[in-house]
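Visitor: fold the following and give me the result.
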Amino acid sequence: MQSRTSPLARTALPFALRSKGPARDTWYEIDLQAIRHNYRQLRARLPARVKIFACLKRNAYGCGAGDVAETLAAEGADGFAVASLSDAIAIREKGVRQPILLYPGPLPGSAPIVEALDLTITVSSLVELELWRAALTALRMFVKCDLGFFRAGAAPSDIGRLLAVAQASADVEVQGLYAHLSELPGTVAANALTQFARLQRIVLDARAAGTLPPIVMLSSTEGVLRYPEMDFDAVDPGALFFGMPETDEPVRQVSLRPALRAISTSLVAIKHVDASLEPLPDLPGFESGMTIGVLGIGWGDGYPRRVPPHAEVLVRGHRARILPPAHLEHLRVDLTHVPEARFGDRCLLLGRQGDEVITHKDLVTQWGTDLVGLHADLRDHIPRVYV
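Guide: The predicted model follows:
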């Protein structure tokens, strides 16, 4: 008897294949060697006793938390810090076993995931402490201080009581005490030193009371490069590993390499504009007789919603102007002066092609942002190619 295949079975294989590959021919090129280099630059300039908790928030600044953590773990990173459970999950899925500190974000309802992934949480108040104790069998935590950032963290006046209650609880292990320097507009060096002095007083009081945790941590990227005196027991930089120093006045001189090497997409259509398409749109750059290409990337993929003036892309080693407006998944490009362009050609919004290059500086100038803003616009649904 001839067997019959159900419609579901006939469609299962194509769906499986589709789930294994990128939906569109667009990707980010990430240089793991640059990340290794940047880590080694920092490690060589820190005292051996100072631990490094690599901050991989926002999916490792868009570079992929799992793959970046795996790379840094192999280099000897002591731990990691993230703000979302999805980043923690990606790190653990790579088999990384180093401690992971959760910045404020996840709530006690996520306790089963916290326990399953062996995570350390942040606590900023007695209310948080009791809610987490009720949710977890055993609580591993860092206490966060607010030194003048007006964000998460207990006020300096509340730290002593919080540490005392936590240390007196048999089901609680206080692993660390940390803070972040204020990044509010108007911050100057004197403010950083004032915040440093506040943390020093907190540390002295906790030591005298016998409640000082094993790890005290303050410095992220700017702090670790600009204020070596603030090292304490550990540091938690993030942007540094991806080539962003975040300060123009470093005391520790490091040579950083960008981890984001290229933003690549493809020509998904090419057409000649003739009279059958007129009238032309009343938009900059549109001319009769021009050749238009369509890129497989749009504002839904992190490109600016409004096409910046003078925005360009590299096609066949030539600069080509991007035409407004931007669409959710597509951009137009003027190919009139690149007659050799073909359907399927690789195009670069960032990177080198032939003798031409669009640098990070070029791109952030076009997009009206900075390097951290560029990384924040990298979308998680875009595949990453690691080199």
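
Visitor: what's the helix or strand for Leu181?
Guide: Assignment of secondary structure by DSSP states H and E places Leu181 within no helix or strand.

Visitor: tell me the pLDDT of it.
Guide: For Leu181, the pLDDT comes out at 93.

Visitor: repeat for Gly317
Guide: Here, the pLDDT recorded for Gly317 equals 97.

Visitor: what about it, how many residues close to it?
Guide: 13 (other CB atoms under 10 Å). Using the backbone N, CA and C atoms, a C-beta is placed for each residue, glycine as well.

Visitor: ok, it - contacts?
Guide: Counting by CB atoms under 8 Å, 6 or more residues apart in numbering, Gly317 touches Gln353, Gly354, Asp355, Glu356.

Visitor: ok, the closest residue to the second one other than its chain neighbours to Leu260 distance?
Guide: By that I understand Gly354. Of all residues not flanking Gly354 in the chain, Gly317 sits nearest, at 2.7 Å (CB to CB, 6 or more residues apart in numbering). Separation of Gly317 from Leu260 (CB to CB, to the nearest Å): 21 Å.

Visitor: same question for Leu335.
Guide: 26 Å.

Visitor: and the helices in the stretch 51-200 of the chain?
Guide: Here the stretch 51-200 of the chain has its helices, by DSSP state H, counting those that start in this stretch, at 57-61, 65-75, 85-93, 111-117, 126-135, 156-167, 189-209.

Visitor: nearest to Arg226, of these?
Guide: helix 189-209 (8.0 Å; CB to CB).

Visitor: off-centre distance for that closest one?
Guide: 29 Å (CA atoms, centre = their mean, to the nearest Å).

Visitor: name the residues of the helix or strand following it that are buried.
Guide: Downstream of helix 189-209, the first helix or strand assigned by DSSP H and E is strand 215-217. Neighbour counts using 16 or more other CB atoms under 10 Å place Ile215, Val216, Met217 of strand 215-217 among the buried residues.

Visitor: go on, stretch 150-158?
Guide: For stretch 150-158, a neighbour-count test (16+ other CB under 10 Å) marks Ala152, Gly153, Ala154, Pro156, Asp158 as buried.

Visitor: those residues: which two are farthest apart?
Guide: Going by CB to CB, the pair spanning the buried residues of stretch 150-158 furthest: Ala152 and Pro156, at 14.2 Å.

Visitor: quick revisit: want to try JSON lines for the buried residues of stretch 150-158, with distance to Phe80 and pLDDT as columns?
Guide: Listed next are these as JSON lines, based on distance: CB to CB, whole Å; pLDDT from 0 to 100:
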{"residue": "Ala152", "distance to Phe80": "18", "pLDDT": "94"}
{"residue": "Gly153", "distance to Phe80": "20", "pLDDT": "96"}
{"residue": "Ala154", "distance to Phe80": "23", "pLDDT": "97"}
{"residue": "Pro156", "distance to Phe80": "27", "pLDDT": "97"}
{"residue": "Asp158", "distance to Phe80": "27", "pLDDT": "97"}
